[in-house]
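Undergrad: My questions concern the predicted model and sequence given below.
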Amino acid sequence: MTYRITFVCTGNICRSPMAEHVVRRHFAEEGLDVEVDSSGTDGWHVGDPADHRTVRTLSRHGYTSAHTARRFSPSWFARYDLVVALDQGHAKALRSLASTPEEREKIRLLRSFDPQAADLDVPDPYYGGDADFEECLELIEAAVPGILAEVRGA
């Protein structure tokens, strides 16, 4: 049975699509049967592509970037095995949408998969420059081994 994971940030144009494409490639390289996508807690950018700086950063590092923003729906909890928030604000918003303890248990912070992480938030690069998008990518990539381990153990 296919394991399903979604990454969630605010508008689904910077952090969560970046995480989606990074993690999707690593799952494919490992030959794992995992469906990966992303969404946002808010609907400001629904239908938009990923931010051009996200696309540029992903491209520089050899990742794909095709994306259309969407908003997380509470009904999706039933579909996913793991709902990964990019910061504590997203996790709080997702917990408020969850209607059962089982749904709340599916919510994890991305950086919680990185044993070296002191701060569990991935900073929003939207108001920054290229360096902020590069930092975002580095933080996401640091969590990949832990995410792979989590999925392998499921």
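TA: That came through fine.

Undergrad: just the helices in the protein please.
TA: 15-30, 52-60, 88-97, 101-105, 130-152 (DSSP state H).

Undergrad: Next, count neighbours for the nearest residue to residue 25 once chain neighbours are set aside.
TA: Once flanking residues are discounted, residue 25 sits nearest to residue 63: 5.9 Å by Cβ to Cβ, 6 or more residues apart in numbering. Heads up, the C-betas are built off the backbone N, CA and C, glycines and all. The number of residues packed near residue 63 is 20, by other Cβ atoms under 10 Å.

Undergrad: isn't residue 63 right next to residue 22, touching?
TA: Yes - here residue 63 reaches residue 22: they are 6.0 Å apart, a contact under Cβ atoms under 8 Å.

Undergrad: got the contact list for residue 16?
TA: 7-9, 38-40, 86 (Cβ atoms under 8 Å, 6 or more residues apart in numbering).

Undergrad: hmm, 10 Å instead?
TA: The contact partners of residue 16, taken as Cβ atoms under 10 Å, 6 or more residues apart in numbering, are 6-10, 37-41, 50, 54, 67, 69, 72, 84-86, 90, 110, 122, 140.

Undergrad: From residue 82, how far out is residue 106?
TA: Residue 106 is 6 Å from residue 82, where distance means Cβ to Cβ, to the nearest Å.
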